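Asker: build me a model from this:
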Amino acid sequence: MAALDAVSLTIMFGALLVLAGILSSLVALRFGAPLLLVFLLVGMLAGEAGPGGIAFDDVNTTYLVGSVALALILFDGGLRTRFATFRSVIAPSLVLATIGVLLTAALTAPAAHYLLGFDWVEALLVGAVVSSTDAAAVFLLIHSRGLRLRPRVGATLEIESATNDPFAIFLTIALVGVRLQGSQSWGIILEELAIEAVGGAVIGFIGGRAIVLALNRLNLPQGLHAPLVATGALVVFALAQVFHASGFLAVYLAGMLVGNRPTRAHNAVIVFLDAATWLAQIVMFVLLGLLAWPERLYEHVLPALAVAATLMFFARPLAVFACLTPFRFSWREKAFVSWVGLRGAVGIFLASIPLLVGLPNALVFFDIGFVVVLVSLLVQGWTIAVAAHKLHIALPRSDPAPRRVELDLPGQLEHELVGYSVGPNNPYLRRRLSPSWAKLMLVVRDQHVLTATEAEGIREGDYAYFLAPPEKAQALDRFFVDMPPPTVPDLRLLGDFFVSGDVSLGTLGEIYGLTIAPQDEDTTLTDWFASHLHHKAQVGDRLELGNIHLVADAVAKGRVTTVGLDLADDAPDERAQQRPVARIGGFFKRMLGG
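Answerer: Residues are numbered from 1 along each chain as shown. Okay, here's the model as predicted:
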């Protein structure tokens, strides 16, 4: 009975710790504190050196939980990465994720060598442990601050932080192997890296296709699709690790494949993985906090602070500026990418590997990694919003998340039913336009269900339900976010509508009442971008055309193929005087073939 009571008490205290982390996040959000820091502190307070007094030194359990958590986090990151986004910034992101990680580790190593008295292999190991930008930390803090970044900068950060983990993990494990086994040629190390990368890519591709096939072919009961995907992601990760391939790269690629294919229960999977990754991060950070001893941290705090300062103010900026120089990023963009290189779970997770294998000075590695993560979350995490605004990287306004209702339709994958509450400040009510790919199906008004024909349009206070492709639901959100109109148009907001680059300026002029010079009426949008840009076209490039802004949404071989239209926020009565609403909508639908 005593053993059973001990198990029950362990479950109770573990659940209370996680609950404390979840509830403390409300306080952290109120005061702008980085949430991951809060979870670490909860673990430290509950540990043997804190008021909780819980004795915990199980590195194997921590490593296991950390591996599962990172696998889910990376899969979730891949799930949200669009192929179009990946293609647009693949070169700078992958350079940062590989050469950038190596440069960061190498430039941080001298601080560890001279301050801690480590040999150069151990010093490089310290640099490798803290070299990886943590995707969960970066995007959790960006989203909690309500920041919307310039598209190119946001996409680069997203891909870099999601893809640099496999390289940092391999570099750490390779250096641990060198330290344990003695001298090993860098040729062998690079060969092993190539084998792991290729193996991870192959297993990730096969695993992602298998998950998509299982989702769409298996007739599972409602609610089991999301657990199937999460379990499949862990199988892909473990399978790659068993074959000595990169499990972290495999699981990220599998997530990309699943996220970019039509699947059943797409939104249910997204919501489930959101919750799963949140819980995994909380558990991992609490366990890592339990492993830390404040008394021991004090012994190494000064050299650890010096390593953190070297990383934040020298190694990371120099590596970023060197890697991004060939890609025409402005100095402000490089500075912001440098500052947002937050360290998080991956750094402490990697610092636990020397503990796991019994490496000499293993506790020092863990303490250094722990302090660097704490400092990064405190200094960089608390100033990320300030840096974004001071460097003019943040877009002028942030849109609050809409209250969207999503219903997957059985038997097909191309559409879902998406519902919105129509508030008084919805952009839809100001513009009376909706994209052709979203079809109004029904309206709930005053407790009555009306068809689109019976409703005769959407009014304030309605609940509107549209049939739309799952991958475009987020674009539809922008029409139903309840917010006041901006004082000036948002010049960097992605287009409200998307049209082919073959559409002529004359067609746009007819629809939007624009004055187009006669010699330009037959000019296509693709040719207009080519003649007015002074550089090779890139996603996010903008040109002004009357009271609308043209946004390059897709680029192929240096030419714009799809253009987003960003409309000025005119008052409804002014827009009505310019051109009847029905005529605008009709022309637009015909132009898109709707």
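Asker: mind listing what's buried in stretch 320-331?
Answerer: By neighbour count on 16 or more other C-beta atoms under 10 Å, the buried set for stretch 320-331 is 320, 322, 323, 324, 327, 329. All C-beta spots, glycine's among them, are computed from the backbone N, C-alpha and C.
Asker: which parts of the stretch 401-550 of the chain are strands?
Answerer: Using DSSP state E, counting those that start in this stretch, the strands found in the stretch 401-550 of the chain span residues 404-408, 416-421, 439-445, 448-451, 463-468, 497-500, 542-545, 548-556.
Asker: list the residues that contact residue 328.
Answerer: For residue 328, the contact set (C-beta atoms under 8 Å, 6 or more residues apart in numbering) comprises residue 535.
Asker: actually, residue 129.
Answerer: Residue 129 touches 172, 347, 350, 351, 365, 368, 369, counting by C-beta under 8 Å, 6+ apart.
Asker: got it, and residue 244?
Answerer: Neighbouring residues of residue 244 by C-beta under 8 Å, 6+ apart: 195, 196, 199.
Asker: quick check: which element contains it?
Answerer: Residue 244 belongs to no helix or strand when elements are defined using DSSP states H and E.
Asker: distance of it from residue 362?
Answerer: 23 Å (C-beta to C-beta, to the nearest Å).
Asker: now residue 169. Nearest residue, chain neighbours left out?
Answerer: Leaving aside its chain neighbours, residue 169 sits nearest to residue 248 (5.8 Å; criterion: C-beta to C-beta, 6 or more residues apart in numbering).
Asker: from the chain's centroid, how far away is whichever helix or strand the one you found is part of?
Answerer: Using DSSP H and E, residue 248 falls within helix 247-259. Between the centre of helix 247-259 and the centre of its chain there are 14 Å (C-alpha atoms, centre = their mean, to the nearest Å).
Asker: before we move on, the earlier item: wait, what's in contact with the residue nearest to residue 169?
Answerer: 70, 71, 74, 165, 166, 169, 200, 237.
Asker: can you lay out the strands of the stretch 401-550 of the chain as a markdown table showing mean neighbour count?
Answerer: Output for those, formatted as a markdown table (neighbours: other C-beta atoms under 10 Å):
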| stretch | mean neighbour count |
| --- | --- |
| strand 404-408 | 15 |
| strand 416-421 | 20 |
| strand 439-445 | 17 |
| strand 448-451 | 11 |
| strand 463-468 | 20 |
| strand 497-500 | 18 |
| strand 542-545 | 16 |
| strand 548-556 | 21 |
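Asker: turn those into CSV, columns for distance to residue 39 and mean pLDDT.
Answerer: Formatted as CSV, the strands of the stretch 401-550 of the chain follow (distance: least, C-beta to C-beta, whole Å; pLDDT from 0 to 100):
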stretch, distance to residue 39, mean pLDDT
strand 404-408, 28, 66
strand 416-421, 33, 81
strand 439-445, 40, 87
strand 448-451, 44, 87
strand 463-468, 36, 85
strand 497-500, 40, 68
strand 542-545, 40, 84
strand 548-556, 38, 82
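Asker: in CSV: those, plus distance to residue 342.
Answerer: Converted to CSV, the strands of the stretch 401-550 of the chain look like this (distance: least, C-beta to C-beta, whole Å):
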stretch, distance to residue 342
strand 404-408, 29
strand 416-421, 33
strand 439-445, 42
strand 448-451, 48
strand 463-468, 34
strand 497-500, 33
strand 542-545, 29
strand 548-556, 29
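Asker: ok, which of the ones you listed comes nearest residue 517?
Answerer: For these, the distance to residue 517 is smallest for strand 542-545, at 11.4 Å, taking C-beta to C-beta.
Asker: tell me what that closest one is packed against?
Answerer: helix 525-532, strand 548-556 (3 or more C-beta pairs under 8 Å, 6 or more residues apart in numbering; DSSP states H and E).
Asker: mind running it again at 10 Å?
Answerer: helix 505-512, helix 525-532, strand 548-556, strand 559-567 (3 or more C-beta pairs under 10 Å, 6 or more residues apart in numbering; DSSP states H and E).
Asker: pairing partners for the last one, with directions?
Answerer: Read it as strand 559-567. Paired with strand 559-567 in the same sheet, following DSSP bridges, are strand 497-500 (antiparallel), strand 548-556 (antiparallel).
Asker: figure out which of the ones you listed is closest to residue 191.
Answerer: When these are compared by C-beta to C-beta, strand 548-556 sits nearest residue 191, at 35.3 Å.
Asker: quick one: distance of that closest one to the chain centre.
Answerer: The answer for strand 548-556 is 22 Å, by C-alpha atoms, centre = their mean.
Asker: only C-alpha atoms, please: export that strand in PDB.
Answerer: Coordinates of each C-alpha in strand 548-556 appear next as PDB, following Å, rounded to 0.1, in the frame of the first residue of the first chain:
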ATOM      1  CA  ILE A 548      -4.700  49.900 -53.800                       C
ATOM      2  CA  HIS A 549      -1.400  48.200 -53.200                       C
ATOM      3  CA  LEU A 550      -0.100  45.300 -55.300                       C
ATOM      4  CA  VAL A 551       1.700  42.600 -53.200                       C
ATOM      5  CA  ALA A 552       3.900  40.000 -54.800                       C
ATOM      6  CA  ASP A 553       2.400  36.800 -53.300                       C
ATOM      7  CA  ALA A 554       4.200  34.100 -55.500                       C
ATOM      8  CA  VAL A 555       7.300  34.400 -57.500                       C
ATOM      9  CA  ALA A 556       8.700  31.900 -60.100                       C
END
